[in-house]
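Visitor: heads up, no residue letters with this:
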């Protein structure tokens with residue numbers, strides 16, 4: 001990266017950029033089951049509704065949000081309390097610059113402070129970049145959920161990746 005990526009907790013003022021990055025990823029059909037648009041108001045409400053153990057971070061280059069990441073509890077069941085599902089989205093203009101890798105590294109380092117000992121990701125099999133990011137960040141493929149959900153009327157699989165974290 002030519003400039004240094006700054007990672008900080010997401011704020012309400014980041015809602016528009018988060019939505020734009022999410023919609024950009026959704027438009028390709030390979031990064032998420034979600035479809036857009038995700039308005040600024042919708043993303044602001046989403047941020048406000050996040051619980052303490054569901055942090056969102058923004059990655060900034062030259063004071064512009066170019067990526068975001070998040071962790072959410074994997075399940076409401078108490079025995080899964082230490083398992084979090086992660087997500088990372090990077091603006092297309094910043095693909096291939098190490099932004100996703102930096103965001104995921106920071107997320108994995110912060111996860112234990114939120115009570116997580118393991119992270120899982122659900123990645124569409126066609127998302128080669130997402131799978132490469134996960135594998136390059138210490139995640140291992142553990143299986144595939146077949147016909148896991150529909151996107152625009154089409155059943156899609158998801159590849160499940162996981163990484164056990166170093167917890168003190």
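Guide: In hand now; what should we look at? What you are looking at is a predicted structure, and each value in this text was computed from that prediction instead of being measured. Residues are numbered from 1 along each chain as shown.

Visitor: going forward, measure contacts between C-alpha atoms and count neighbours the same way
Guide: Fine.

Visitor: The nearest residue to residue 119 once chain neighbours are set aside: what secondary structure?
Guide: The shortest distance from residue 119 to any non-neighbouring residue, by C-alpha to C-alpha, 6 or more residues apart in numbering, is to residue 84 (4.9 Å). Using DSSP: H, G, I helix; E, B strand; the rest coil, the structure places residue 84 in strand.

Visitor: Give me the distance between residue 84 and residue 152.
Guide: Look at residue 84 and residue 152: by C-alpha to C-alpha, to the nearest Å, they are 27 Å apart.

Visitor: Comparing these two, which residue is more hemmed in?
Guide: Neighbours around residue 84 and residue 152, counted as other C-alpha atoms under 10 Å, are more numerous at residue 84. The numbers are 26 against 11.

Visitor: And the pLDDT for that one?
Guide: Note on residue 84: pLDDT of 98.

Visitor: Just the buried residues of the helix or strand hosting residue 162, please?
Guide: Per DSSP states H and E, residue 162 falls inside strand 154-164. Buried positions in strand 154-164, judged by neighbour count with 16 or more other C-alpha atoms under 10 Å: 156, 157, 158, 159, 160, 161, 162, 163.

Visitor: Okay, now the sheet partners of that strand, with direction.
Guide: strand 118-123 (antiparallel), strand 140-151 (antiparallel) (DSSP bridges).

Visitor: Can you tell me which of those strands is most buried?
Guide: Ranked by mean neighbour count under mean count of other C-alpha atoms under 10 Å, the strands paired with strand 154-164 are led by strand 118-123, which reaches a mean of 23.

Visitor: Show residues contacting stretch 15-35.
Guide: Stretch 15-35 has contacts (C-alpha atoms under 8 Å, 6 or more residues apart in numbering) with 36-41, 43-44, 47, 65-68, 89-92, 123-124, 126-127, 130, 149-151.

Visitor: in this structure, which spans are helices?
Guide: Assigned by DSSP state H, the chain shows helices spanning 15-27, 40-49, 99-110, 128-136.
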